[in-house]
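[1] Fold the stuff below for me.
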Amino acid sequence: MSTPGLNRLSYIDTLKVLAAFMIVLLHVSAIYVDLSATPKGELVYFINTIVRPGLLIFMMVSGALLLRPQYTFNFKKKFVYIAKIYAFWSAFYVAFGQLAHAASGKPLLTPAEMVVHWVRGPYHFWYLAMLLGLYIFMPILTRLKDFQTLNYFVMLAFVLAYVIPYARPYLPDCVNGFISQMTIFNVGHILFFFIFGAWLNMLPLDKSLLRLTCFFFIVGLLLTIYQLHTAKSYDLLLADSPLKAFAQLFLSGGLFYMLRYAHQHHKSAERTLLLSKCSLHIYVTSAFVIYLYQYLIQPYWDALVPYPGLSVLIWSVVVFIISAGLAYMVFLKDRWLKRHRTEKAQKPSKAK
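    Numbers count the residues shown, from 1 in each chain. This next block holds a predicted model:
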């Protein structure tokens, strides 16, 4: 729920829709990826690699929205909202998995195993669980709304998340020992991108900064292409490395600022605005649509169209459209329930 009086950020709507589609591309292309294969020259591996910053963009969007100076964070509403989505859709995926097992003749999960799978959630629910953990720390993170404080924390987080971890293998033992004693806490990439998004949202819109971010975006793209052409196998490319980390940092940060600059005098179209409001449920429901494609359509489709890259592009669009339709139905349901509660609350209580 937005704070009254806040202006809507149109570039955020575009980023949310773009990030949701990037995640769909990531998950559909994962079906065709062979981790032991050499990725050089294969379109499907390029797609699977270049869209990975979509997850980071989601984190940056969350930081930009939640750490706006005028925004009032409501812990109870935010936490309960995500927890309900997690609980309901995790149960849905457990039930769907049981039906799939029954249809294929596989053994069903025991009640205890069903509870374990429900708590753990499907593979892509790590993002929802991470949001719940992030909300717990929001009373502390909201202290970073001042730009000077945020500027300092971004630099500190960058050093802790990027400089120190990748420099330590090349440092003497005495220096590493000193760093271990001095560093009282670690900052992961996820928390860094949350803060990074808030920082980029507060940066002034300037042509020199735009040129700089365009340069970094191109560098990130070139680093990604270089990794694809030099990696001996795809699993080695996906392993944590400075090249991969900085390529994703440059791509996500560059895209974020470029779209913000491009949208400074632009309002979101109605369709973009609606898709933006449905983006979280597109993310949640897309795995269900991908499962249906993988088990009901893909074997026949691949026999007719033996081009993985083309299949990924076509079916990612189809999955996104169907997921958006499902998300829109959930959106209409939520809007109806909200209006119903509002009308019920506004009715005068009957005299006893």
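
[2] Quick check: which ranges of the stretch 51-200 of the chain have low pLDDT?
    182-187 (pLDDT under 70).

[3] what do you get if the cut-off is 90, keeping everything else the same?
    Residues of the stretch 51-200 of the chain that meet the criterion pLDDT under 90 lie in 68-75, 101, 103-106, 123-124, 130, 133-134, 137-150, 152-153, 156-157, 159-191.

[4] mind listing the helices in it by residue range?
    53-66, 75-104, 111-120, 126-136, 138-141, 147-158, 164-167, 173-182, 189-202 (DSSP state H, counting those that start in this stretch).

[5] Of all those helices, which one is nearest residue 235?
    helix 53-66 (18.5 Å; Cβ to Cβ). Any C-beta I mention is one placed from the backbone N, CA and C, and that applies to glycine too.

[6] thinking again about what came up before, please convert the helices of the stretch 51-200 of the chain to TSV, extending it with mean neighbour count and distance to residue 215.
    Compiled in TSV, these are given as follows (neighbours: other Cβ atoms under 10 Å; distance: least, Cβ to Cβ, whole Å):
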stretch	mean neighbour count	distance to residue 215
helix 53-66	24	17
helix 75-104	14	36
helix 111-120	13	42
helix 126-136	17	30
helix 138-141	14	30
helix 147-158	15	18
helix 164-167	16	21
helix 173-182	10	31
helix 189-202	23	15
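
[7] closest one to residue 322 among the ones you listed?
    Closest among the helices of the stretch 51-200 of the chain, once you apply Cβ to Cβ, is helix 75-104, at 15.0 Å.

[8] now that closest one, how far from the centre of its chain.
    Offset of helix 75-104 from its chain centre (Cα atoms, centre = their mean, to the nearest Å): 18 Å.

[9] Just name whatever secondary elements that helix is in contact with.
    With contacts defined as 3 or more Cβ pairs under 8 Å, 6 or more residues apart in numbering; DSSP states H and E, helix 75-104 has these neighbours: helix 111-120, helix 126-136, helix 138-141, helix 279-292.

[10] tell me, what residue is most central in this protein?
    Nearest to the geometric centre of the chain sits residue 55, at 2.9 Å (Cα atoms, centre = their mean).

[11] isn't that one right next to residue 127, touching?
    Yes: applying Cβ atoms under 8 Å, one finds residue 55 in contact with residue 127, separated by 7.0 Å.

[12] who touches the residue nearest to the centre of the chain in this structure?
    By Cβ atoms under 8 Å, 6 or more residues apart in numbering, the contact set of residue 55 is 19, 23, 26, 127.

[13] Could you do residue 252 as well?
    53, 56-57, 60, 193.

[14] all helices of the stretch 251-352 of the chain, in order?
    Going by DSSP H, counting those that start in this stretch, the stretch 251-352 of the chain shows helices at 270-277, 279-292, 298-304, 308-346.

[15] With mean pLDDT, distance to residue 261 and mean neighbour count added, can I get those in a markdown table?
    A markdown table is the format used below for the helices of the stretch 251-352 of the chain (pLDDT from 0 to 100; distance: least, Cβ to Cβ, whole Å; neighbours: other Cβ atoms under 10 Å):
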| stretch | mean pLDDT | distance to residue 261 | mean neighbour count |
| --- | --- | --- | --- |
| helix 270-277 | 90 | 17 | 16 |
| helix 279-292 | 95 | 21 | 22 |
| helix 298-304 | 92 | 40 | 11 |
| helix 308-346 | 89 | 26 | 15 |
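
[16] So which of those is nearest residue 75?
    helix 279-292 (17.9 Å).

[17] ok so, going back, what about the residue nearest to the centre of the chain, distance to residue 114?
    28 Å (Cβ to Cβ, to the nearest Å).

[18] what do you get for residue 93?
    Distance check for residue 93 against residue 114: by Cβ to Cβ, it reads 11 Å.

[19] Using CSV, list the CA coordinates for stretch 172-181.
    Extracted as CSV, the C-alpha positions of stretch 172-181 are listed here (Å, rounded to 0.1, in the frame of the first residue of the first chain):
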residue,chain,number,x,y,z
PRO,A,172,48.9,-11.7,2.7
ASP,A,173,47.7,-13.8,5.7
CYS,A,174,48.5,-11.0,8.1
VAL,A,175,46.2,-8.6,6.2
ASN,A,176,43.5,-11.1,6.0
GLY,A,177,43.7,-11.7,9.7
PHE,A,178,43.5,-8.0,10.4
ILE,A,179,40.4,-7.7,8.1
SER,A,180,38.7,-10.7,9.9
GLN,A,181,39.2,-8.9,13.2
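
[20] returning to that earlier point: mind putting the contacts of residue 252 in JSON lines, distance to residue 9 included?
    Output for those, formatted as JSON lines (distance: Cβ to Cβ, whole Å):
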{"residue": "53", "distance to residue 9": "19"}
{"residue": "56", "distance to residue 9": "18"}
{"residue": "57", "distance to residue 9": "14"}
{"residue": "60", "distance to residue 9": "12"}
{"residue": "193", "distance to residue 9": "17"}
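
[21] Just the closest of those to residue 253, please.
    residue 60 (7.8 Å).

[22] Tell me if I'm right that residue 151 and residue 199 touch.
    Yes: with contact defined as Cβ under 8 Å, residue 151 reaches residue 199; the gap is 6.7 Å.

[23] distance of residue 340 from residue 334?
    Distance from residue 340 to residue 334, by Cβ to Cβ: 11 Å.

[24] when you compare where the strand or helix carrying residue 15 runs with where helix 279-292 runs, what's the angle?
    Per DSSP states H and E, residue 15 falls inside helix 10-32. Following axes from the mean of the first three to the mean of the last three Cα atoms, to 10 degrees, one obtains 20 degrees for the angle between helix 10-32 and helix 279-292.
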